[in-house]
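Asker: Okay, predicted coordinates and the sequence, questions at the end:
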Amino acid sequence: MSANTGLEGVVVADTVLSLVDGEAGRLVIRGFELRELAGACSYERALQILLAGFVDEGVLAELPARLAAARSEVFCSLQALHEDQTLRVLPPIEALRALLARLPDGDDDATALRLIAAPAVFSAAIARAHRGQAPLAPAPGLGHAADLLRMMRGEDADASEAAALETYLVTVLDHGLNASTFAARVVASTRAGLSSAVIAALSALKGPLHGGAPGPVLDMLDAIGRPELASAWIDRELASGARLMGFGHRIYRVRDPRADALRTALQSLESAGSGARAASTQARMKLAEAVERSALEALRRLKPERTLQTNVEFYTAVLLEALGFARDGFTCVFAVGRVAGWIAHAREQLRTGRLIRPQSHYVGPSPTPRQAA
Ligand code: ACO
């Protein structure tokens, strides 16, 4: 027996939540194609669709107001903590994990809502703390995306920016049994509670092979600097054995449909903008498109037998930068969107799954009398 170390092709859950079709490049969330949701409905509406049947119907019907109330509740817990150096000293994703770990655990709807609200409140507070600013309270009348931008910046975002962030949050809402969602389901299967499941998931998301890639994507764009330098830089990088961040995927063998959704969001942000900010987004997009073309060409040459395509993280980096997020905080923003998927999967696991407990294949030495003595 040899181990399937990456669990490729292993099916460990039936789910009604999302379908990732890697051959066709399709993402279906609860019966909706991604393009029917991303850019077409609010984050709150997408949450209602994702969570239907997994939270109480009354909560679901009032979800926008309940989520806003949960943001305020989470903010109150933060006020007691904001003098805490944790916010300033740790990298943002680790500060987010530390703050989430202080929320009570449980399996009820109040816990679920608190956990869905918390990454937005905490991420904004962490971004502000890194700039030496005090956290800003949520505004109950705003949607989740607009409120996140406002809490982070200290002023209202314009409608096109809130819409672009909303498109991003909906795009990353759920995505089958990716590493972080699997981690959430494993922990949920032990009945440890939703907070524990979310903290495990966040820890998996942090890695550069999963949700930690967009910061390094920007580092790559900065290192390349100009479109005409992309090809030579990429060739050198691949020759040194490095991986190109924002490319390749375990499931997709064609372009990740989420990359297209985000590119479209960026294009509408670009056309709605004006002044220096719009010009710098345009320049970034031009560079990103050149890097993407060169990277795909180089990866085709390097791995002709394996289709390596642009993944969601590539345009995430450009979009979140255009929205003013600091690059070391990008993974926190990913968690703002994906937390809903983790909660939905944890709930589904509790309802329909069993304890997840695979086996390992022992390849160590056989015990001998000499070793035992
Ligand atoms: N750049 C260069 N080579 C790559 C890349 C890449 N981006 N992706 C895969 N390869 C190569 C690997 O080195 C490997 O080569 P080998 O067979 O000679 O060892 C081969 O292609 C297959 O790679 P695996 O790691 O086996 O493929 P897997 O399906 O496990 O990897 C992953 C998927 C981790 C996303 C990979 O493509 C990668 O590291 N990409 C860069 C990081 C990244 O963008 N992460 C975000 C993913 S999206 C998300 O999680 C939300």
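Answerer: That came through, no problem. Residues are numbered from 1 along each chain as shown.
Asker: which regions of this structure lie under the pLDDT threshold?
Answerer: For the chain, applying pLDDT under 70 flags the ranges 80-83, 274-275, 371-373.
Asker: Near the ligand, which residues of it? Just list them.
Answerer: Residues of the chain lying close to the ligand by Cβ under 6 Å from any ligand atom are 6, 178, 208-211, 213, 243-250, 303, 306, 308, 311-313. Yep, even glycine has a C-beta here, placed from its N, CA and C like the rest.
Asker: How about the spatially most central residue of the chain, nearest residue that isn't a chain neighbour?
Answerer: The centroid of the chain falls nearest to Phe334 when counting by Cα atoms, centre = their mean (2.7 Å). For Phe334, ignoring the flanking residues on the chain, the nearest one in space by Cβ to Cβ, 6 or more residues apart in numbering is Gly211 at 4.5 Å.
Asker: Return the distance of the one you found relative to Thr281.
Answerer: 23 Å (Cβ to Cβ, to the nearest Å).
Asker: Looking at these two now, which is surrounded by more residues?
Answerer: Gly211 (28 against 20; other Cβ atoms under 10 Å).
Asker: Looking at the chain, which residue is nearest the ligand?
Answerer: Gly248 (2.2 Å; Cβ to the nearest ligand atom).
Asker: For Ala146, give me its contacts.
Answerer: 156-157, 162, 165-166 (Cβ atoms under 8 Å, 6 or more residues apart in numbering).
Asker: Could I get the buried residue list for the helix or strand containing Val217?
Answerer: Using DSSP states H and E, Val217 maps to helix 214-224. For helix 214-224, a neighbour-count test (16 or more other Cβ atoms under 10 Å) marks 214-218, 220-221, 224 as buried.
Asker: part of a helix, is Ser195?
Answerer: Yes. The assignment for Ser195 is a helix, going by DSSP: H, G, I helix; E, B strand; the rest coil.
Asker: And for it, the neighbour number?
Answerer: Neighbours of Ser195 using other Cβ under 10 Å come to 23.
Asker: Same question for Leu78.
Answerer: Neighbour tally, Leu78, other Cβ under 10 Å: 20.
Asker: Please apply the same query to Glu297.
Answerer: Per other Cβ under 10 Å, the neighbour tally for Glu297 reads 14.
Asker: Next: the one 4 residues further on.
Answerer: Using other Cβ under 10 Å as the criterion, Arg301 is surrounded by 10 other residues.
Asker: what helices or strands is the one helix or strand it maps to leaning on?
Answerer: Taking DSSP H and E as the criterion, Arg301 maps to helix 275-302. Packed against helix 275-302 by the contact rule (3 or more Cβ pairs under 8 Å, 6 or more residues apart in numbering; DSSP states H and E) you find helix 214-224, helix 230-239, helix 257-272, helix 312-322.
Asker: Tell me the one of the contacts of Ala146 nearest Ala112?
Answerer: Distances from Ala112 to the contacts of Ala146, taken as Cβ to Cβ, are shortest for Glu166 (20.6 Å).
Asker: That closest one and Ala145 touch, don't they?
Answerer: Yes. Applying Cβ atoms under 8 Å as the test, Glu166 and Ala145 come out as touching, 4.0 Å apart.
Asker: Give the intersection of the neighbour lists for those two.
Answerer: What both Glu166 and Ala145 touch, as defined by Cβ under 8 Å, 6+ apart, is the set 42-43.
Asker: ok, back up a step: please report phi then psi for the residue nearest to Phe334.
Answerer: phi -90, psi 0 (degrees, to the nearest 10).
Asker: Next up, the contacts around it.
Answerer: Counting by Cβ under 8 Å, 6+ apart, Gly211 makes contact with 180, 205, 313, 331, 334-335, 338.
Asker: can you put those residues in CSV and add secondary structure?
Answerer: Listed next are the contacts of Gly211 as CSV, based on three-state DSSP:
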residue, secondary structure
Ser180, helix
Leu205, helix
Glu313, helix
Thr331, helix
Phe334, helix
Ala335, helix
Arg338, helix
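Asker: The residue nearest to the centre of the chain and Glu36, how far apart?
Answerer: 22 Å.
Asker: and if you look at Ile251?
Answerer: Noted for Ile251: a distance of 20 Å to Glu36, by Cβ to Cβ.
Asker: In terms of neighbours, single out the busier of these two.
Answerer: Ile251 (17 against 13).
Asker: My guess is the more buried one contacts Leu177. True?
Answerer: No. Here Ile251 does not reach Leu177: they are 9.4 Å apart, not a contact under Cβ under 8 Å.
Asker: quick one on the thing from earlier: out of the residues of the chain next to the ligand, name the ones that lie in helices.
Answerer: Secondary structure from DSSP state H places 312-313 of these in helices.
Asker: Could you count how many residues lie near Ala110?
Answerer: For Ala110, the neighbour count with other Cβ under 10 Å is 13.
Asker: now for the strand or helix carrying it, which elements pack on it?
Answerer: In this assignment (DSSP H and E), Ala110 forms part of helix 109-130. If contacts are counted by 3+ Cβ pairs under 8 Å, 6+ apart, helix 109-130 sits against helix 63-79, helix 86-89, helix 92-100, helix 144-153, helix 194-205, helix 330-352.
Asker: Can you list the buried residues in that helix?
Answerer: 109, 111-130.
Asker: Can you give the domain ranges for this structure?
Answerer: 18-207+329-352, 214-322 (automatic domain parsing).
Asker: Not counting its neighbours along the chain, what's nearest Asp125?
Answerer: Actually, residue 125 is Ala rather than Asp. That would be Pro135: by Cβ to Cβ, 6+ apart, it lies 3.7 Å from Ala125.
Asker: what helix or strand does the one you found sit in?
Answerer: Counting by DSSP H and E, Pro135 is found in no helix or strand.
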